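*Asks:* would you be able to build a 3D model of this:
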Amino acid sequence: MEIILICIVAFLAAILTFFSGFGLGTILTPVFMLFFPVDLAIALTGVVHFFNNVFKIILVGKNADKKVLIRFGITAVVFAFVGAWLLLHIPDAKPLFTYELFGKQWTVYPVKFIISILLIIFATLDLIPRFQKLQFGKEKLPLGGALSGFFGGLSGNQGALRSAFLIKAGLSKEAFIGTAVVVSTFVDFTRLGVYATRFTSSGLIDNATLVIAATLAAISGAYIGNKLLKKVTINFLQVTVAIMLILISIALGAGFI
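*Replies:* Residues are numbered from 1 along each chain as shown. Below is the predicted model of the structure:
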């Protein structure tokens with residue numbers, strides 16, 4: 001049963017997140033957590049996410065803007081390492097607050113709460129007509145890379161901040177998606193390398209069939225997303241990113257993910 005549910009979610013999420021540039025890991029991790037311990041769920045999701053990104057590089061990596069990639073990607077990778085290292089070397093963060101809803105206790109942590117506030121700000125600006133044509137100057141790209149990389153390494157939530165900056169970098173839709181995919185892959189590679197000591201290798205091996213099936217489902221979704229790319233506009237991408245930023249930020253701020 002779990003393999004069917006996980007594959008369906010991976011397929012649908014891969015189509016949806018192909019345009020936004022983020023969200024597959026965020027959506028897939030809770031589903032894995034329904035069937036596996038948290039650390040193993042993170043490991044399994046990470047593997048699926050990484051290989052799906054590798055496939056997307058084959059599809060759209062050639063469209064990445066090299067100048068933006070250098071300005072944004074270098075700091076993203078460096079700070080992803082810093083964030084991941086910090087995660088492994090600081091004591092468990094104390095919850096910011098807890099509350100009960102639907103008969104269950106939810107916990108909100110400081111890092112995710114901060115990210116949620118940042119995302120709400122970016123998303124709100126993106127939905128206000130006055131700011132829709134606003135573009136970040138090229139000098140802001142290293143800062144965006146540093147923020148998305150650091151929080152990605154620290155909490156695993158890197159894609160939303162990355163897309164919030166890149167969507168305002170004056171890129172075409174093809175360049176936006178291609179650049180986001182390349183940066184995401186390098187950040188994934190960096191943080192997964194640091195996380196490796198936490199992953200249960202035996203658990204990964206024991207669930208190889210599930211990982212392969214979920215990866216193929218995600219790749220299929222990415223393939224369909226790429227086929228649909230010609231039918232979307234940059235405005236559609238901006239609105240999609242803004243809506244997903246709001247949904248993800250609410251889920252993070254509420255402690256749901």
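
*Asks:* which pLDDT value belongs to the spatially most central residue of the chain?
*Replies:* In the chain, the centroid-proximal residue (CA atoms, centre = their mean) is Gly159; its distance is 3.3 Å. Listed pLDDT for Gly159 reads 70.

*Asks:* surely it touches Phe18?
*Replies:* No - using CB atoms under 8 Å, Gly159 is not in contact with Phe18; the gap is 11.8 Å. C-beta here means a position set from N, CA and C on the backbone, and glycine is covered the same way.

*Asks:* pLDDT (mean, whole number) over the helix or strand hosting Ile205?
*Replies:* If you go by DSSP states H and E, Ile205 is part of helix 201-206. Averaged over helix 201-206, pLDDT sits at 65.

*Asks:* could you identify the helix or strand that succeeds it?
*Replies:* helix 208-228.

*Asks:* what comes up buried for that following helix?
*Replies:* 210-211, 213-222, 225-226 (16 or more other CB atoms under 10 Å).

*Asks:* for the stretch 151-257 of the chain, which spans come out with low pLDDT?
*Replies:* 155-158, 160, 195-204, 234, 237-238, 241, 244-245, 252-253, 257 (pLDDT under 70).

*Asks:* just to revisit the earlier point, now distance to Leu247 too, for the buried residues of helix 208-228, in TSV please.
*Replies:* Formatted as TSV, these follow (distance: CB to CB, whole Å):
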residue	distance to Leu247
Leu210	27
Val211	26
Ala213	27
Ala214	22
Thr215	25
Leu216	26
Ala217	22
Ala218	20
Ile219	24
Ser220	24
Gly221	18
Ala222	20
Gly225	18
Asn226	23
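
*Asks:* just those residues now: which is nearest Ile6?
*Replies:* Minimum distance to Ile6 across the buried residues of helix 208-228 is 5.1 Å, recorded for Ala214 (CB to CB).

*Asks:* residues contacting that closest one?
*Replies:* Ala214 makes contact with Ile3, Ile6, Cys7, Ala10, Leu28, Leu44, Val48 under the criterion CB atoms under 8 Å, 6 or more residues apart in numbering.

*Asks:* which outside residues touch the helix or strand harbouring Asn53?
*Replies:* Using DSSP H and E, Asn53 maps to helix 38-60. For helix 38-60, contacts defined as CB under 8 Å, 6+ apart pick out 10, 14, 18, 24-25, 28-29, 32-33, 35-36, 156, 174, 177-178, 181-182, 184-185, 188-189, 192, 195, 198-200, 203-204, 207, 210-211, 214-215, 218-219, 222-223, 226, 229.

*Asks:* of those residues, grab the buried ones for PyMOL.
*Replies:* Buried subset of the contacts of helix 38-60, written as a PyMOL selection, criterion 16+ other CB under 10 Å:
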select buried, resi 10+14+18+24+25+28+29+32+33+35+36+156+174+177+178+181+182+184+185+188+192+195+199+204+207+210+211+214+215+218+219+222+226+229
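
*Asks:* and the strands in the stretch 51-200 of the chain?
*Replies:* For the stretch 51-200 of the chain, applying DSSP state E, counting those that start in this stretch gives strands covering 97-101, 104-108.

*Asks:* deepest of those, which one?
*Replies:* strand 104-108 (a mean of 12; mean count of other CB atoms under 10 Å).
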